[in-house]
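> Sequence first, then the predicted structure:
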Amino acid sequence: MAGVGRCCGNFCKEFKQFALRGSVIDLAIGIIIGTAFTTVVQSFVDDIITPPFGLILGGVDFVNLTAKMKNFVYKDQPPVVIRYGKFIQTLISLFIMALALFFLIKGVNKLHQLAIRKKQKEETTQLETSDEVKILCEIRDLLAKQSSFEK
């Protein structure tokens, strides 16, 4: 029984280290924000985008756009209803989400490129030595030569 307790304790300790690692917490925050963003985009499409389109199309409510198919198999059952209006709204939401993610990734890539350029610029400025440093290096080398001749 003592081996089981030790094994469980090690598992709990390892799981705690894994869960508290920065990448896991960042992922959890990203999922939460992504879910909230999805809800906002869905509301934007359902409540703001599609009603004007419905008005332009003659007062059509996208949610209620359906196609009814007569039930050929079970004649006593109601017809099968295909809700293509809701599907259109979902496609619009998908398009807006994809567009938002595209711009987000484009911005992150731009920031990444700027950081790389800054790092490269810092490296090149570090490699370039000033005239004063070059002269001091020459003096050092001359002094080293003189000390080796005197010995």
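Thanks, I have it.
> after the worst-scoring helix or strand of the chain on mean pLDDT comes which helix or strand?
The helix or strand of the chain with the lowest confidence, counting by mean pLDDT, DSSP states H and E, is helix 2-19 at a mean of 71. Per DSSP states H and E, the first helix or strand lying C-terminal to helix 2-19 is helix 22-44.
> what's that following helix packed up against?
When contacts are defined as 3 or more Cβ pairs under 8 Å, 6 or more residues apart in numbering; DSSP states H and E, helix 22-44 packs onto helix 84-127. From N, CA and C alone the C-beta is placed, and that goes for glycine too.
> Can you check what angle separates the helix it packs on from helix 22-44?
Angle of helix 84-127 versus helix 22-44, following axes from the mean of the first three to the mean of the last three Cα atoms, to 10 degrees, is 140 degrees.
> residues making contact with stretch 39-48?
Here stretch 39-48 makes contact (Cβ atoms under 8 Å, 6 or more residues apart in numbering) with 63, 89, 92, 93, 96, 97, 100.
> how far away is residue 59 from residue 147?
98 Å (Cβ to Cβ, to the nearest Å).
> Nearest residue to the middle of the protein?
Closest residue to the average C-alpha location of the chain: residue 105 at 6.7 Å, with Cα atoms, centre = their mean.
> do you know how far that residue is from residue 20?
27 Å.
> do the same with residue 84
In terms of Cβ to Cβ, residue 84 sits 47 Å off from residue 20.
> Of those two, which one has the most company?
Using other Cβ atoms under 10 Å, the more surrounded residue of residue 84 and residue 20 is residue 84, with 12 against 9.
> Skip the chain neighbours and tell me the closest residue to that one.
residue 65 (5.7 Å; Cβ to Cβ, 6 or more residues apart in numbering).
> Can you get me a residue count around that neighbour?
If we define neighbours as other Cβ under 10 Å, then residue 65 has 18 of them.
> Distance of it relative to residue 74?
In terms of Cβ to Cβ, residue 65 sits 25 Å off from residue 74.
> again, but for residue 31
Residue 31 is 42 Å from residue 74, where distance means Cβ to Cβ.
> ditto for residue 136
Taken as Cβ to Cβ, the span from residue 136 to residue 74 is 96 Å.
> And for residue 40?
Distance from residue 40 to residue 74, counting by Cβ to Cβ: 41 Å.
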